[in-house]
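Chemist: coords please:
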Amino acid sequence: MPKVFYTQPDGVEKIIDGAVGDSVMATAVRNGVTGIVGQCGGSLSCATCHVYLDPPEMGNFPEPVEDEEDMLECTASDREPNSRLSCQLILAEGVDVHVVIPDEQV
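Modeler: Next up, the predicted model:
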């Protein structure tokens, strides 16, 4: 079972056991992780699930598609090279994920 490590802007970390095939966003929303809104429910039409993915883990996920790139231009917090929409980060067996939640989403 993959674990997702959510770090809040103040450094507080919440660790959640995720289900293979679920997104980092859905796991956060289902478990009440503060700071990940997911307004569009994962349909790639907002940027309210923006996270900073741990740089060494970037290779564990496919590159962002054009729609994700477009949405990342609309984030409330600054976009960084490791910015991703957590709805596009799908959990896989044996792959833990570490993300930092930005200061604001909307």
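Chemist: residue ranges for the strands of this protein, please.
Modeler: Along the chain, counting by DSSP state E, strands occupy 3-7, 13-17, 50-53, 83-85, 97-100.
Chemist: quick one, which of these is packed in tightest?
Modeler: strand 50-53 (a mean of 24; mean count of other CB atoms under 10 Å). In this view, the C-beta of every residue, glycine as well, is placed from N, C-alpha and C.
Chemist: Can you list the helices and strands that that strand packs against?
Modeler: strand 83-85, strand 97-100 (3 or more CB pairs under 8 Å, 6 or more residues apart in numbering; DSSP states H and E).
Chemist: Direction included, what does the first one pair against?
Modeler: If I follow you right, that is strand 83-85. Looking at strand 83-85 with DSSP bridges, its partner strands are strand 50-53 (antiparallel).
Chemist: before we move on, back to that, of the strands of the chain, which is nearest N31?
Modeler: Between N31 and the strands of the chain, the tightest spacing by CB to CB is seen for strand 13-17, at 4.9 Å.
Chemist: Count residues in the vicinity of P102, would you?
Modeler: Neighbours of P102 under the rule other CB atoms under 10 Å: 20.
Chemist: Please apply the same query to L91.
Modeler: L91 sits with 21 neighbouring residues when counted by other CB under 10 Å.
Chemist: Output the strands of the chain in JSON lines, with mean pLDDT appended to each entry.
Modeler: Formatted as JSON lines, these follow (pLDDT from 0 to 100):
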{"stretch": "strand 3-7", "mean pLDDT": "98"}
{"stretch": "strand 13-17", "mean pLDDT": "98"}
{"stretch": "strand 50-53", "mean pLDDT": "98"}
{"stretch": "strand 83-85", "mean pLDDT": "98"}
{"stretch": "strand 97-100", "mean pLDDT": "98"}
